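Peer 1: Whatever this is, show me its structure:
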Amino acid sequence: QVQLVESGGGLVQAGGSLRLSCAASGRTFSSYAMGWFRQAPGKEREFVAAIGRSGGNTYYADSVKGRFTISRDNAKNTAYLQMNSLKPEDTAVYYCAANRGPITLATTDFGSWGQGTQVTVSS
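Peer 2: Residues are numbered from 1 along each chain as shown. Below is the predicted model of the structure:
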């Protein structure tokens, strides 16, 4: 399993931007599809975005489509989530996850998870 460490969270005003990073250990990062999920207080963890192993395929939740962009740099073993036009309802702990296989949206397909990074959007 790959180990994941997120960074880049913080406090931002509505309309602002943040970029989350997810650094992966190991030499097989390109074998993993990557995903970002989030969990707000009192709510279930939800899918945000996913990217395939080569970066050619991406999927987004409807709630973030057009505002968030997922990307990856396989040479740096890192995945990113660029978040623009942030809204208070985007406030959550954001988790990156890895699936050793093709791109997927299902939480249960991801076998490796980071510890999460807090994103707080003030109104």
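Peer 1: show me the contacts for the residue minimising distance to the centre of the chain.
Peer 2: Computing the C-alpha centroid of the chain and ranking residues by Cα atoms, centre = their mean puts W36 first, at 2.5 Å. Contacts here follow Cβ atoms under 8 Å, 6 or more residues apart in numbering; on that basis W36 touches 20, 22, 48-50, 70, 79, 81, 94-97. Any C-beta I mention is one placed from the backbone N, CA and C, and that applies to glycine too.
Peer 1: Give me the pLDDT value at G26.
Peer 2: G26 is assigned 77 on the pLDDT scale.
Peer 1: In this structure it contacts A98, no?
Peer 2: No: the criterion here is Cβ atoms under 8 Å, and G26 misses it with A98 at 9.7 Å.
Peer 1: list the residues that contact both of these two?
Peer 2: When contacts are counted by Cβ under 8 Å, 6+ apart, G26 and A98 are jointly contacted by V2.
Peer 1: More neighbours: the two, which one.
Peer 2: More crowded of G26 and A98, by other Cβ atoms under 10 Å: A98, with 25 against 13.
Peer 1: Residues in a beta bridge with that one, which ones?
Peer 2: Listed beta-bridge partners, A98: M34, S112 (assigned using DSSP bridges).
Peer 1: Can you tell me how far it is from L18?
Peer 2: Counting by Cβ to Cβ, to the nearest Å, the gap from A98 to L18 is 21 Å.
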